[in-house]
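Undergrad: Build me a model from this:
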Amino acid sequence: MKRILVIVGVLILLFLILPITNLIVGLPETSLVSADTGVPDWNAALKILGRKCVNCHSAEYKLPFYAGIPPAKGMIESDMQTGLRYVDLGAELLPEGGAPVSEVTLAQVERAILDGSMPPNRYLLLHWNGGLSSDEQETVLSFVRKARLEHYATGTASEEFAAEPLQPVPDAIELDKRKVALGDKLFHDQRLSSDDTLSCASCHALDQGGTDQARFSTGVGGKMGDINSPTVFNSGFHFAQFWDGRAKDLEEQADGPVNNPIEMASNWPEVIGKLEQDTEFVAAFTAVYPDGLKKENFLDAIATFERSLITPNSRFDRFLKGDAEAINPTEREGYELFKSFSCANCHVGKGVGGQDFQEMGRADDYFETRGDVIKADQGRFNVTGEEADRHHFKVPTLRNITLTFPYFHDGTVVNLAEAVRTMARVQVGRDISDDEVAKILAFLNTLTGEYRGKLLE
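TA: You can find the predicted model right below:
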């Protein structure tokens with residue numbers, strides 16, 4: 001009994017010594033603390049986050065002095081690796097080339113502060129000064145709001161919602177109308193395929209939410225793909241193209257299907273040879289592109305048309321712009337739940353997505369549950385070869401989501417309610433009630449917008 005009491009006493013002493021020592025010594029600091037961006041608000045936020053949050057969300061791995069004590073070292077490194085898996089704030093808060101902090105990182109930092117999810121309670125047990133004071137919270141939140149307003153706000157939201165993580169789709173964007181018209185023709189031209197049976201619109205039908213509403217698309221000769229065709233609507237807002245981000249922009253994306261043997265199974269010399277026989281098309285094309293029928297010009301025209309495929313004036317957009325009656329109380333509650341479940345950490349901005357890569361199954365192994373893992377399931381890893389990118393995919397847009405079924409890169413889920421439940425489980429690691437699902441679905445229904453003045457349906 002005496003031995004047990006001694007052991008308990010030692011543990012209690014350690015429990016008190018470690019946090020007290022942390023108070024005296026202070027938390028390890030990362031390089032962000034001394035960074036100078038030239039922007040006072042940004043610098044102030046970096047100093048706070050660089051002393052606290054970034055210690056578990058940075059590749060710098062600043063280990064505390066007691067990290068060598070077993071089993072503390074393993075636990076601490078595990079926590080740091082988990083934190084880094086979610087986000088590398090060390091890199092994200094100071095992007096290369098002086099770029100602004102991304103919409104996604106701003107949303108992640110904001111949500112962690114607003115819901116008090118970071119740092120975890122067990123961290124605070126040993127780091128009594130690890131939390132953010134109310135003043136520190138306000139300093140960081142003020143930076144988030146200002147950065148969002150300066151770099152990402154569309155300028156059309158009302159003052160109340162100007163700094164929201166979601167932004168209205170612009171009513172219009174400036175594009176060369178002649179190129180848009182030519183791109184429209186090419187987008188719907190079946191001569192881009194080897195047997196003249198498929199066009200871009202075959203997999204991205206504008207009357208089906210910009211998709212083909214099939215699990216996998218069918219290519220030339222009945223060949224079947226192995227990944228779901230994402231919507232083309234609002235794709236111009238995305239930071240990269242394709243689920244794995246292998247195309248940096250819409251021009252690169254437009255080059256893919258024509259040359260893909262299981263899609264259009266053609267090539268540009270073959271396509272140009274066919275289109276050169278169409279004198280009317282040649283005349284219209286060279287009027288816009290005087291240097292003639294060239295691959296680069298085709299890609300430019302198609303990409304310009306695709307950038308025109310925006311869907312503004314959804315009910316949610318009207319709400320953000322100040323129309324309080326555009327959505328009902330249940331739909332607004334659904335939006336608040338959408339944010340509280342951290343959905344708006346990744347589904348941000350004008351496109352409500354399309355701004356970063358995220359691991360599918362971050363909180364619970366999606367692929368172990370589903371089984372039958374194929375190459376397409378490796379996601380971004382297929383492009384970079386980096387293990388950290390395995391199962392990472394571009395976050396899809398949620399605009400017009402009720403029309404763009406089936407869901408996920410593998411097209412395995414047709415029912416949107418099931419998709420919401422799956423995301424809550426595998427991405428957030430939280431249980432979600434039927435009532436909460438219903439309210440989030442109500443909100444998602446408000447994201448359907450208009451194309452050329454007509455509501456998509």
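Undergrad: alpha carbons only for contacts and neighbour counts from here, please
TA: Will do.
Undergrad: Point me to the helix or strand that includes the nearest residue to Gly411 once chain neighbours are set aside.
TA: Nearest non-adjacent residue to Gly411, counting by Cα to Cα, 6 or more residues apart in numbering: Arg215, 4.5 Å away. Assigned by DSSP states H and E, Arg215 falls within no helix or strand.
Undergrad: Now for Arg215, how many residues are close by?
TA: By other Cα atoms under 10 Å, the residues close to Arg215 number 22.
Undergrad: what do you get for the one 10 residues further on?
TA: Per other Cα under 10 Å, the neighbour tally for Gly225 reads 15.
Undergrad: Is it correct that it is in contact with Ser217?
TA: Yes - here Gly225 lies in contact with Ser217, judged by Cα atoms under 8 Å, at a distance of 5.7 Å.
Undergrad: give the contact list for the residue nearest to Lys350 when sequence neighbours are not counted.
TA: Nearest residue to Lys350, sequence neighbours excluded (Cα to Cα, 6+ apart): Gln167, at 4.7 Å. Residues in contact with Gln167, defined by Cα atoms under 8 Å, 6 or more residues apart in numbering, are 153-154, 157, 317, 320, 348-352.
Undergrad: In terms of pLDDT, where does Gln167 sit?
TA: Note on Gln167: pLDDT of 97.
Undergrad: do you know how far it is from Thr304?
TA: For Gln167, the distance to Thr304 equals 22 Å [Cα to Cα, to the nearest Å].
Undergrad: Just the buried positions in stretch 335-353, please.
TA: Neighbour-count burial for stretch 335-353 flags 335-339, 341-353 (criterion: 16 or more other Cα atoms under 10 Å).
Undergrad: pLDDT below threshold where in this protein?
TA: Within the chain, the set of residues satisfying pLDDT under 70 comprises 1-28, 61-73, 76, 121-130.
Undergrad: change it to 50
TA: Within the chain, no stretch falls below the threshold (pLDDT under 50).
Undergrad: mind pulling up the phi and psi values for the closest residue to Ser194 other than its chain neighbours?
TA: For Ser194, ignoring the flanking residues on the chain, the nearest one in space by Cα to Cα, 6+ apart is Ser266 at 4.7 Å. Here is the backbone geometry of Ser266 (degrees, to the nearest 10): phi -130, psi -160.
Undergrad: Surely Ser266 and Val258 touch.
TA: Yes - using Cα under 8 Å, Ser266 is in contact with Val258, at 5.4 Å.
Undergrad: and for these two, which residues touch both?
TA: In contact with both Ser266 and Val258: 192-193, using Cα under 8 Å, 6+ apart.
Undergrad: close enough to count as contact, Pro312 and Leu447?
TA: No - proximity of Pro312 to Leu447 does not meet the contact threshold set by Cα under 8 Å, at 9.3 Å.
Undergrad: looking at it, Leu456 is touching Thr446, isn't it?
TA: No - between Leu456 and Thr446 there is no contact under Cα under 8 Å: 11.7 Å.
Undergrad: and those two? which has more neighbours close in?
TA: A direct count of neighbours by other Cα under 10 Å for Leu456 and Thr446 places Thr446 higher, at 24 against 18.
Undergrad: Give me the distance between that one and Val414.
TA: Going from Thr446 to Val414 by Cα to Cα gives 19 Å.
Undergrad: Could you check how far Cys343 is from Thr105?
TA: Following Cα to Cα, the distance that separates Cys343 from Thr105 is 13 Å.
Undergrad: can you list the domain ranges for the protein.
TA: Listed by automatic domain parsing, the domain ranges of the chain are 2-152, 177-307, 315-455.
Undergrad: Can you tell me the number of residues neighbouring Pro290?
TA: Around Pro290 there are 10 residues (other Cα under 10 Å).
Undergrad: Against Phe405, how distant is the residue nearest to Gly411?
TA: Counting by Cα to Cα, the gap from Arg215 to Phe405 is 8 Å.
Undergrad: and for these two, which residues touch both?
TA: Counting by Cα under 8 Å, 6+ apart, the shared contacts of Arg215 and Phe405 are Gly411.
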